[in-house]
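# From the sequence below, what's the structure:
(2 chains)
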There are 2 protein chains.
Amino acid sequence: MERVVIALGGNALLRRGAEDTYEEMYAAARRAAETIADIAADGWEVVVTHGNGPQVGRILIQQEAAAEQVHPMPLDVCGAESQGQIGYLLQVTIGDVFFERGMERPVATILTLTRVRAQDPAFGRPTKFIGPFYGEPRAKKLAEQHGWVVRADPHGGWRRVVPSPKPYSIVETPVIARLVADGVVVIASGGGGVPVIEKGPRLIGKEGVVDKDLAAAILAREVSAGVLLILTDVPKVQRGFGSLMPEDIDRLSLEEAHRLLEQDEFGSGSMGPKVEAAVHFVEGGGRRAVIGDLTLAREALRGDAGTEVVDARDGD
Amino acid sequence: MERVVIALGGNALLRRGAEDTYEEMYAAARRAAETIADIAADGWEVVVTHGNGPQVGRILIQQEAAAEQVHPMPLDVCGAESQGQIGYLLQVTIGDVFFERGMERPVATILTLTRVRAQDPAFGRPTKFIGPFYGEPRAKKLAEQHGWVVRADPHGGWRRVVPSPKPYSIVETPVIARLVADGVVVIASGGGGVPVIEKGPRLIGKEGVVDKDLAAAILAREVSAGVLLILTDVPKVQRGFGSLMPEDIDRLSLEEAHRLLEQDEFGSGSMGPKVEAAVHFVEGGGRRAVIGDLTLAREALRGDAGTEVVDARDGD
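Residues are numbered from 1 along each chain as shown, chains lettered A, B, ... in the order given. The predicted structure is shown next:
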């Protein structure tokens, strides 16, 4: 049976502009669940990964609002919380769709830790904005108090910034691989996993944010998936993103992908990292990576939608 | 290999009176991890379950403090969050102890849902106090706003009360059983699992609190564990709890346990439900249930500490 790792982007999990109520989040999870069930019904072994940025942001706001009554937890613990929250919504909705369609496939959510390197230069250069927005004086006071780095956010106000170290392996791969081989639809690597470093024999959680698509690419290699499917809310990757004449891309060789990445043709926003993750997967031996729209996932898997990244030398 | 389900009580996870900072929680998880590693080193297959009352309480306080900025999530979602939080701390600390001792045992946290019955009379009779304390007028206003039931808490103030329906099966048992048979130390059924009812083919999360020891007993039966080990911070169950002359109990037959439960000899606090869970496990065919102190867990498993509940007819 062929195996696919499906990476659900934030925009595949909650419609742009939708309010982040429980009802909207449930509805969004339900839409994703329909897609995942379609793919499972087509005979794929499935691992589902997902983002957690907005959810962790909300947990941080809640922690801060209650800071006088409840001790706030560090970011790694908040990330684990968000994995529980999002995993729950996905697991229940995927389970529902399976039941409704008479499919007997167990679904399980595995709390995931992702190894990063202690000497990753990212730790000295925090870049990811997280949590609440502050005025400058308050931001600086909090920074002093908690040892945070804070910075003016281009969207206005000041915020905390944290490192985004490169993931290199997923702690739970053996468990995930075992379950998926048994036909379980596994939800894992939420938010890219909680970043941990190895210190002697210990795993130490770090306050940082792992790129979720890159973590998905690594997980996909480690569980020997044939395909990495990165789902968002746009149908194809575009060349000349943001220009007057952007151009849809159907297929990218590794060589072209590298060239366009260097030329920053995808915009530095969210598509660049997705193409990088796709490249990482295919360079590591993965057969195909496809980036596309959640609602066209089945077609993308068949090669009829989305943007495919392949190793042209394979003559595929 | 023999299999044990270990139920960590709240008092085994955080010392009475300790502040609920990250450092204290980590230290408490680390103490529990040492015990779990001892037991795994003795050759047991291990499933770990744990409470989540204080953690969910803190999440509810945080949600409320930020309610004007962030939409609060229902209690089932908060329960899932707490499973991520506590599972993470346990998983990291258990993993650390294994590494330090040169033991190669994977550890995994499985988000757990627990089936309860839609027609459980508990849904009409909410009894469990949760979340923040309010003055009476505010409590009544919130009740009207959210459809809550609120009540005067014996500890002072008013609080929300939610149902505590009886669990009857664990949704993730097949996955948990598979992993534990492969030597994985599985953390599951946190807080008794998120309660769900079956509505046609769908699983619907309910706002309620499942007794974590009873859920552990059900999980222990479902994964065919020989022993259910319920750990808290007292060495033995006592007869005449709260009286002038309480008496330690080494061993209870099912018959005696039933009799003492009826006479309310264990206090209605936390020990009664633990004895009930032990009875449930042994009546369902489990070999032994033992209730005892976290620091004497290994001895309790050997029969040298704690209070053992057995089926006297077995002549064990």
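# C-alpha from now on. contacts and neighbour counts both.
OK.
# does the residue lying closest to residue A:18 once chain neighbours are set aside sit in a helix, a strand or a coil?
In this structure, residue A:18 finds its nearest non-sequential neighbour in residue A:24, 7.0 Å apart by CA to CA, 6 or more residues apart in numbering or on different chains. Secondary structure of residue A:24, reduced to three states by DSSP: H, G, I helix; E, B strand; the rest coil: helix.
# Can you list the residue ranges for strands in the stretch 101-250 of chain A?
A:107-109, A:113-116, A:128-134, A:149-152, A:158-162, A:167-170, A:185-187, A:194-199, A:202-205, A:227-232, A:238-239, A:247-248 (DSSP state E, counting those that start in this stretch).
# For the last one, give the mean pLDDT please.
The average pLDDT for strand A:247-248 rounds to 92.
# Let me know the next secondary structure element after it.
The first helix or strand that comes after strand A:247-248 along the chain, using DSSP states H and E, is strand A:251-253.
# tell me which residues in the helix or strand following that next one are buried?
For strand A:251-253, the succeeding helix or strand toward the C-terminus, using DSSP H and E, is helix A:254-262. For helix A:254-262, the neighbour count (16 or more other CA atoms under 10 Å in any protein chain shown) marks A:254, A:257, A:260, A:261 as buried.
# I'd like those residues as a markdown table, with distance to chain B and pLDDT appended.
Listed next are those as a markdown table, based on distance: CA to the nearest CA, whole Å; pLDDT from 0 to 100:
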| residue | distance to chain B | pLDDT |
| --- | --- | --- |
| A:254 | 35 | 96 |
| A:257 | 36 | 95 |
| A:260 | 39 | 93 |
| A:261 | 36 | 93 |
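# Can you tell me which of these is closest to residue A:159?
Proximity of these to residue A:159 (CA to CA) peaks at residue A:261, which lies at 28.3 Å.
# Go ahead and list the helix or strand containing the nearest residue to the closest one once chain neighbours are set aside.
For residue A:261, ignoring the flanking residues on the chain, the nearest one in space by CA to CA, 6+ apart is residue A:272 at 6.8 Å. Assigned by DSSP H and E, residue A:272 belongs to helix A:271-283.
# pLDDT averaged over that helix - what is it?
If you average the pLDDT values across helix A:271-283, you get 96.
# Okay, buried residues for it please.
Counting neighbours by 16+ other CA under 10 Å, one finds that the buried residues in helix A:271-283 are A:271, A:272, A:273, A:274, A:275, A:276, A:277, A:278, A:279, A:280, A:281, A:282.
# try stretch A:130-143
Buried residues in stretch A:130-143, counted by 16+ other CA under 10 Å: A:130, A:131, A:132, A:133, A:134, A:139, A:140, A:142, A:143.
# do the same with stretch A:66-86
A:66, A:70-73, A:75-86.
# rewinding a little: would you format the strands of the stretch 101-250 of chain A as JSON lines with distance to residue B:38 included?
Formatted as JSON lines, the entries for the strands of the stretch 101-250 of chain A read as follows, by distance: least, CA to CA, whole Å:
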{"stretch": "strand A:107-109", "distance to residue B:38": "27"}
{"stretch": "strand A:113-116", "distance to residue B:38": "24"}
{"stretch": "strand A:128-134", "distance to residue B:38": "40"}
{"stretch": "strand A:149-152", "distance to residue B:38": "41"}
{"stretch": "strand A:158-162", "distance to residue B:38": "37"}
{"stretch": "strand A:167-170", "distance to residue B:38": "26"}
{"stretch": "strand A:185-187", "distance to residue B:38": "30"}
{"stretch": "strand A:194-199", "distance to residue B:38": "22"}
{"stretch": "strand A:202-205", "distance to residue B:38": "18"}
{"stretch": "strand A:227-232", "distance to residue B:38": "40"}
{"stretch": "strand A:238-239", "distance to residue B:38": "56"}
{"stretch": "strand A:247-248", "distance to residue B:38": "58"}
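# mind giving me TSV with the ones you listed and columns for distance to chain B?
TSV is the format used below for the strands of the stretch 101-250 of chain A (distance: least, CA to the nearest CA, whole Å):
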stretch	distance to chain B
strand A:107-109	5
strand A:113-116	9
strand A:128-134	10
strand A:149-152	20
strand A:158-162	16
strand A:167-170	12
strand A:185-187	10
strand A:194-199	9
strand A:202-205	5
strand A:227-232	24
strand A:238-239	34
strand A:247-248	37
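# Any idea which of these gets closest to residue B:44?
Taking the strands of the stretch 101-250 of chain A one by one with CA to CA, strand A:202-205 is closest: 22.8 Å.
# same for that closest one, what does it pack against?
strand A:194-199, helix B:75-100 (3 or more CA pairs under 8 Å, 6 or more residues apart in numbering or on different chains; DSSP states H and E).
# Please compute how far the last one lies from its chain's middle.
From the chain centre to the centre of helix B:75-100 is a distance of 14 Å (CA atoms, centre = their mean, to the nearest Å).
# Mean confidence (pLDDT) on it, please.
For helix B:75-100, the mean per-residue pLDDT is 96.
# Is chain A within reach of it?
Yes: using CA under 8 Å from any CA of the partner chain as the criterion, contacts between helix B:75-100 and chain A involve B:77-78, B:80-85, B:87-89, B:92, B:95-96, B:99-100.
# show me what contacts the residue lying closest to residue A:158 once chain neighbours are set aside?
Distances taken as CA to CA, 6+ apart place residue A:152 nearest to residue A:158, at 4.3 Å, with adjacent residues excluded. When the contact criterion is CA atoms under 8 Å, 6 or more residues apart in numbering or on different chains, the partners of residue A:152 are A:136, A:158, A:159.
# Identify the residues contacting stretch A:305-316?
Taking CA under 8 Å, 6+ apart as the criterion, the residues outside stretch A:305-316 that touch it are A:235-237, A:249-254, A:257, A:278-279, A:282-283, A:287-293, A:296-297, A:299-300.
# Pull up the residues of the stretch 151-300 of chain A that are close to chain B.
The stretch 151-300 of chain A has residues A:172, A:175, A:179, A:184, A:201, A:202, A:203, A:204 near chain B, with proximity defined as CA under 8 Å from any CA.
# With respect to residue B:118, which of those is nearest?
Proximity of those to residue B:118 was ranked by CA to CA; the top entry is residue A:184 with 26.9 Å.
# any idea which helix or strand comes after the helix holding residue A:272?
The first helix or strand that comes after helix A:271-283 along the chain, using DSSP H and E, is strand A:288-293.
# any idea of the mean pLDDT in whichever helix or strand comes after that following strand?
Taking DSSP H and E as the definition, the helix or strand that follows strand A:288-293 towards the C-terminus is helix A:297-302. Confidence for helix A:297-302, expressed as mean pLDDT, is 95.
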